[in-house]
Each structure stands twice: as structure tokens, then as C-alpha cells.
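Novice: Quick one, fold the following:
(one chain, ligands or ions: 1)
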Amino acid sequence: MALTHGGQLTQVANEYQIPMRDWLDLSTGIAPFSYPIPEIPDIVWQQLPQPSSALISAAQRYYQCRNISVSSGSQTIISLLPMLWLKENSSSKCVFLPIKGYKEHAQAWKNMGFNLQWYGDELPALEQLPQHCVLVVINPNNPTGKLFSRETLERYQEFIENRQGLLVIDEAFMDVITPSQSMAEYTLGRNTVVLKSFGKFFGLAGMRIGFTIAHQQWLTSIAEHLGPWQANGPAQFIAEQALQNTLWQEQQREKLSRQRQVLTMLLNRYFNEGVEGTDLFLTVNLATPHKAVTIYDGLCKQGVYVRLTDDQQSLRFGIPKPEDVERLSQSLGNVMLSISKLC
Ligand SMILES: Cc1ncc(COP(=O)(O)O)c(C=O)c1O
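Specialist: Next comes the predicted model:
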């Protein structure tokens, strides 16, 4: 079954009968400012993509890690991991996942017959984790923004390693966290896999580049299963430059942080409820039944697309560009006014 995600603008535009070009799309956690596409030599388009040691070195420096491999987005690996893990660990039966979080993880483990166990805002207690179990942590979480410290994850890592289980850490949104809580440096054993999504922070999700940081055996096994030419040449060419461009990265962090503050102020104007998130998205939790759905619908009618979470109780807002703030503010103001008249 295909899951609902943000970024499904074609479908939403059809549903609300508003042309695609007229939407303000804040439905994803992808940076609204993207790394400028450099001129790409013809040869990069013409040749089959070669394994690029320059890209790997750039990624090792950027993510501060040793063993790393590239794929076309981290989603490819999310889908593949359960099968690879089960092949080597046939007695592994259960996986712990965040109840709120990117649902493709759950889908992938379920597809391989795993028994899904959910945890809330806190990780399951260590004693709850059985032998050979898998723990998936989205750090920071999307959509809640919940962040676990590296110290906490190291404790879980040690415990899971002793139980011959697997710790999967999805760090798709870690780029904007300072000080970083990344576990990328701590993947020497076979019981930890860290996933990185290039497209979010660099604002180039359509390029489809992601990275896996893990023991070499994992990387070899992934490569064998995926076969050659996983990530296309132009995407690798752009990613190599972007990962090396520390000045652009610094400016991007500042811009995102500034715009997050602007969005926080705007949301605080309309919502008493908690606003949480990261510099790539903010989520408002609405306790009143149907309120999130009503606001979502009201915004869509004005061509503003945000993400209604799967439980339909929260709204996730992508970070708006400065020139889009006024439109968001107006649209949100209109919706909240019409809701207050109804009450
Ligand atoms: C938490 C999380 N992990 C992974 C992904 C997959 O991203 P990609 O395949 O673009 O790297 C997403 C996509 O939205 C996500 O939200």
C-alpha cells in the first residue's frame, strides 16, 4: 500500500482544483533554499556513473565517518534493510519503531513479516528489548522534532550489540542540529546502521542522493543487492561539490534558523498548543478533535499546502522563504478567523 507523504502536490492540486503553479507548498521538510546547480560537464551525462572516491571522501568529511556508501536517496536503503538483516538473522522477529515518524520504516519491516512494536516520545526501556530485536530511531524525529542525545543512543547501541540486535538511526534531518548528536562516527560494529538523506538540508530532494554509514559488510551486502549505477552521475557530481562547500552550508544553516524563528513567531500567534520541530519544519499539535483537518482544508482551499499528519491531529509546516511568509500569514489568519466565528 502506498503511504501518504508531504510533497504530493499533483494529487492535492487535483483534489482542490487549483493549478499547481498557484500553490505555496510547505508540505515537506525540504529546505526552501537549494544548493545552486553547477555547470555539469557533458561527459558526466554521457558516461555510466563511476564509483566516485571524491564523492565518498567529501561525504566522509561532511558526515564525520569512515564507512559510507551512496544510494539514490535513503529511502532505497530503508526498503532494503529488513530483507538484508533477516537473511543473516533469521531468528530476528520484532522491531521497535516510533509511533509518530516517517512510516516507510514500519512498512518495510512489516513487509518482511516483522512484529511491529511502537514507542512514544521516549525510547522503549532497555529491558523491553529482546534478543535479536531491531530498534529504529529517527533522530531528530520527523514530524515531532524529538531529539535523542548521542549518549543515550550509545547506551542503546551497547545493549543492542550485546543482544545481537540492530540499531537503525535515520538522521535525515540531523544536518541542522547543533551541536550534532549524530552517531555517524559510532558505526564500527555490525549492529548499527546510520542513514543520511542529502536532499533535505541541501534542498535537492529530487536529485535522489542518500548515504548509508555502517560496517563494511553492510555496505558490501547493499552494493551486491542493488547492483551497479545506483546513483546517477549528475547527482553525484552536484553532491560532491555541495558536501565540500562549507561556506554555503554555513549560510544555509543561518538562513534556515532565521526562517524557523519567523515561522515560530507566526505559529505562536495562532496556536496556544505546543510548536515543535527543527530548522527544517515545525509541527503544531492540535488537541481539539478535527481542528487539524479543518485548518488543513482551509489552507488548501487558499492554495497553501501543509502536511496533515497520519493521526490527523497535527500540522507540519515546512520552513517558508521570506517572500512567502506574508501569504502564509494571511491564509492562516483567514482560516483561524473563520474557525473562531464557527465556535
Ligand atoms: C525521516 C525520513 N527519512 C528518510 C526519508 C527519505 O528521504 P530520501 O529518500 O530523500 O533520502 C524521509 C523522506 O521524507 C524522511 O522524512
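
Novice: just so I have it, where are all the strands in the chain?
Specialist: 24-25, 68-71, 94-98, 115-119, 134-138, 166-170, 192-197, 210-214, 275-278, 281-285, 304-305, 307-308, 314-318 (DSSP state E).

Novice: Now the residue of the stretch 151-300 of the chain found nearest the ligand: closest residue in space, sequence neighbours ignored.
Specialist: Proximity of the stretch 151-300 of the chain to the ligand (CB to the nearest ligand atom) peaks at residue 197, 3.1 Å away. (C-beta placed from N, C-alpha, C; glycine too.) Leaving aside its chain neighbours, residue 197 sits nearest to residue 172 (3.8 Å; criterion: CB to CB, 6 or more residues apart in numbering).

Novice: one step back: columns mean pLDDT, distance to residue 225 and mean neighbour count on top of the strands of the chain, output as a markdown table?
Specialist: Output for the strands of the chain, formatted as a markdown table (pLDDT from 0 to 100; distance: least, CB to CB, whole Å; neighbours: other CB atoms under 10 Å):
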| stretch | mean pLDDT | distance to residue 225 | mean neighbour count |
| --- | --- | --- | --- |
| strand 24-25 | 98 | 34 | 19 |
| strand 68-71 | 98 | 11 | 22 |
| strand 94-98 | 98 | 19 | 22 |
| strand 115-119 | 98 | 23 | 15 |
| strand 134-138 | 98 | 18 | 25 |
| strand 166-170 | 98 | 16 | 25 |
| strand 192-197 | 98 | 14 | 26 |
| strand 210-214 | 98 | 12 | 26 |
| strand 275-278 | 96 | 31 | 22 |
| strand 281-285 | 97 | 31 | 24 |
| strand 304-305 | 98 | 35 | 24 |
| strand 307-308 | 96 | 31 | 22 |
| strand 314-318 | 97 | 32 | 25 |
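
Novice: Now distance to residue 221 too, for these, in TSV please.
Specialist: Formatted as TSV, those follow (distance: least, CB to CB, whole Å):
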stretch	distance to residue 221
strand 24-25	37
strand 68-71	10
strand 94-98	19
strand 115-119	23
strand 134-138	16
strand 166-170	13
strand 192-197	11
strand 210-214	9
strand 275-278	31
strand 281-285	33
strand 304-305	39
strand 307-308	34
strand 314-318	34
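
Novice: Low-confidence ranges, the protein, go.
Specialist: Across the chain, the ranges flagged by pLDDT under 70 are 343.

Novice: Domain ranges for it, per the record?
Specialist: 9-34+247-342, 48-244 (automatic domain parsing).

Novice: of those domains, which approaches residue 3 most closely?
Specialist: Closest to residue 3 of the domains of the chain, according to CB to CB: domain 48-244, at 5.1 Å.

Novice: And the closest one, end to end?
Specialist: End-to-end distance for domain 48-244: 23 Å, by CA to CA, to the nearest Å.

Novice: so how far is that domain off the chain centroid?
Specialist: Taking CA atoms, centre = their mean, to the nearest Å, one finds the center of domain 48-244 at 11 Å from the center of the full chain.

Novice: if we can go back for a sec, residues contacting the residue nearest to residue 197?
Specialist: 29, 74, 102, 138, 142, 195, 196, 197, 200 (CB atoms under 8 Å, 6 or more residues apart in numbering).

Novice: where's the last one relative to residue 28, distance?
Specialist: To residue 28, residue 200 is 8 Å away according to CB to CB, to the nearest Å.

Novice: So the residue most central in space within the chain versus residue 29, what's the distance?
Specialist: Centre of the chain computed as the mean C-alpha position; nearest residue by CA atoms, centre = their mean is residue 172, 3.9 Å away. Plainly put, residue 172 is 8 Å away from residue 29 if you go by CB to CB.
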